[in-house]
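1. What shape does this take:
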Amino acid sequence: MIKILLDTNFLIYFFDSKTDIYKVLDSSLLDSYELYCTDKNLEELSGLGKEDVIALVKHLKVHVLKVDDSGSPVDDILIRTAKEKGFYIATQDRNLISKAKRSGVPIIAKGNKNKVKILL
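-> Numbers count the residues shown, from 1 in each chain. From the prediction side, this is the model:
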C-alpha cells in the first residue's frame, strides 16, 4: 500500500483542472494507495481562500494528519512527515521535489495525459 502525502499545490491543481484524482492515480499506479494531507496544508488552503479545495479534501475522505510544526515551513514538515512515516509526496512544486529527492523521499508528480509519474 502506497501512502501519498498531498502537497497544497497538487490539491489545487486537481481542483482547478476538474480532474478526478482517483482516476488519474488508479490509471498510473500499480499498487493500492491511501491519500493524506496535513493540517498545515489545510491552513495554507484556508489562507489562500481555497475553502472549495478544503471541501474537496473532506469529500474525497483524505486522511488529515495533525503535525507538530515547530514554526517550520510546510515543505519541511511534509518531508519530515514523509520520512518518518514512509510516505510518497505528491507535488508539482519544483523546489519541494528537489528537497525531497535530496532527502530520499519518493515523489509523485503530474505527468502527461492525465497520468502521474513517480520520481525516486
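2. could you dump the longest helix along the chain to CSV, C-alpha only?
-> If you go by DSSP state H, the chain has its longest helix at helix 74-85. The C-alpha trace of helix 74-85 is given here as CSV (Å, rounded to 0.1, in the frame of the first residue of the first chain):
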residue,chain,number,x,y,z
VAL,A,74,5.1,23.4,5.3
ASP,A,75,7.6,21.9,2.8
ASP,A,76,9.9,20.9,5.6
ILE,A,77,7.0,19.4,7.6
LEU,A,78,6.0,17.3,4.5
ILE,A,79,9.5,16.0,4.0
ARG,A,80,9.9,15.2,7.7
THR,A,81,6.5,13.5,7.9
ALA,A,82,7.1,11.5,4.7
LYS,A,83,10.5,10.3,6.0
GLU,A,84,9.1,9.3,9.4
LYS,A,85,6.0,7.5,8.1
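3. Now the element after it, going C-ward?
-> strand 88-90 (DSSP states H and E).
4. Just want the angle from the next helix or strand after that next one to helix 74-85.
-> Going down the chain from strand 88-90, the next helix or strand is helix 94-103, by DSSP H and E. Orientation note: helix 94-103 sits at an angle of 30 degrees relative to helix 74-85 (axes from the mean of the first three to the mean of the last three Cα atoms, to 10 degrees).
5. got a list of contacts for the next helix-or-strand element following helix 94-103?
-> Note on helix 94-103: by DSSP H and E, the next helix or strand toward the C-terminus is strand 107-110. For strand 107-110, the external contacting residues (Cβ atoms under 8 Å, 6 or more residues apart in numbering) are 4, 10, 13, 24, 88-92, 97, 100-101, 116-120. Backbone N, C-alpha and C define where each C-beta goes, glycine included.
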